[in-house]
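Student: Dropping a prediction and its sequence here:
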Amino acid sequence: MPEDVMTPELIAFVKQQKDRQEIYDCLLRYTRGVDRHDKALMVSAYHPDAFDEHGIAEGLPSAFCDWAIGWHGEFQTRHQHIITNHTVDIDGNTAHAETYYIFWGENREGPPTLAFGRYVDRLEKRDGKWAIAHRVCVNEKSGQFVESALPEEIAAKMNSTGPNRRDKLDVSYVRPLRRAGSAGRG
């Protein structure tokens with residue numbers, strides 16, 4: 001049989017990969033939304049009746065996102081939610097995922113925070129859209145990050161790109177992205 005024939009097995013595999021990518025994109029909407037303080041993007045990762053159990057806070061999507069963005073805004077000047085290992089079991093329109101996270105936050109007072117844990121999610125596909133229906137955030141470890149000193153010239157170059165912001169003025173929203181100095185970035 002020629003390799004370019006769309007067999008039932010290949011069609012099923014492609015559909016499953018599409019679901020997996022849409023689930024991963026959902027998780028990225030959450031992390032980008034919280035890091036850019038983009039509530040609409042963050043809320044879009046959840047179904048409206050979802051519930052998030054984060055340990056220090058829990059609730060329905062809108063209230064939980066208000067709390068998370070408010071907390072990070074009050075206590076930190078910058079932060080990153082990074083997702084790494086990711087597994088997902090899909091059964092029709094329901095999926096169960098475990099996704100490891102790393103969190104770094106530059107605190108307004110004291111040294112930066114570094115934390116590790118896992119998002120354990122039940123996701124559901126409703127009206128063609130995958131979103132979180134229930135999340136449990138398993139906080140494995142949290143502590144202080146000790147920065148190493150860099151020479152001033154290197155630190156200045158590392159901080160010369162951006163702007164690094166927690167809103168829609170962040171460089172990640174610039175379209176089209178252009179090289180700095182070539183008629184600007186926007």
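Tutor: Nice, I can see it. This one's a predicted model, so the numbers in the text were calculated from it and none came from an experiment.
Student: domains of the chain?
Tutor: Domain assignment for the chain by automatic domain parsing gives 8-146, 148-186.
Student: Which of those sits closest to P2?
Tutor: Across those, P2 has its closest neighbour in domain 8-146 (11.8 Å, C-beta to C-beta). Any C-beta I mention is one placed from the backbone N, CA and C, and that applies to glycine too.
Student: ok now that closest one, how far from the chain's centre?
Tutor: Distance, stretch centre to chain centre, for domain 8-146: 5 Å (C-alpha atoms, centre = their mean, to the nearest Å).
Student: What about H134, how many residues nearby?
Tutor: Neighbour count for H134, taken as other C-beta atoms under 10 Å: 17.
Student: tell me the SS of it?
Tutor: For H134, the assignment made with DSSP: H, G, I helix; E, B strand; the rest coil gives strand.
Student: With P48 as the reference, measure out to it.
Tutor: Using C-beta to C-beta, to the nearest Å, H134 is found at 13 Å from P48.
Student: centroid residue for this protein?
Tutor: With distances taken as C-alpha atoms, centre = their mean, T31 lies nearest the centre of the chain, 1.7 Å away.
Student: ok, and what's touching the one helix or strand H96 maps to?
Tutor: Using DSSP states H and E, H96 falls within strand 94-107. Strand 94-107 has contacts (C-beta atoms under 8 Å, 6 or more residues apart in numbering) with 19, 23, 27, 31, 72, 75-89, 112-125, 130, 142, 145.
Student: What mean pLDDT does the longest helix belonging to the chain get?
Tutor: Longest helix in the chain by number of residues (criterion: DSSP state H): helix 8-35. Helix 8-35 comes out with an average pLDDT of 97.
Student: next structured bit after that helix?
Tutor: helix 39-43.
Student: That following helix: what's the following helix or strand?
Tutor: Where DSSP H and E defines the elements, the next helix or strand beyond helix 39-43 is strand 46-53.
Student: and the angle from that following strand to helix 8-35?
Tutor: 70 degrees (axes from the mean of the first three to the mean of the last three C-alpha atoms, to 10 degrees).
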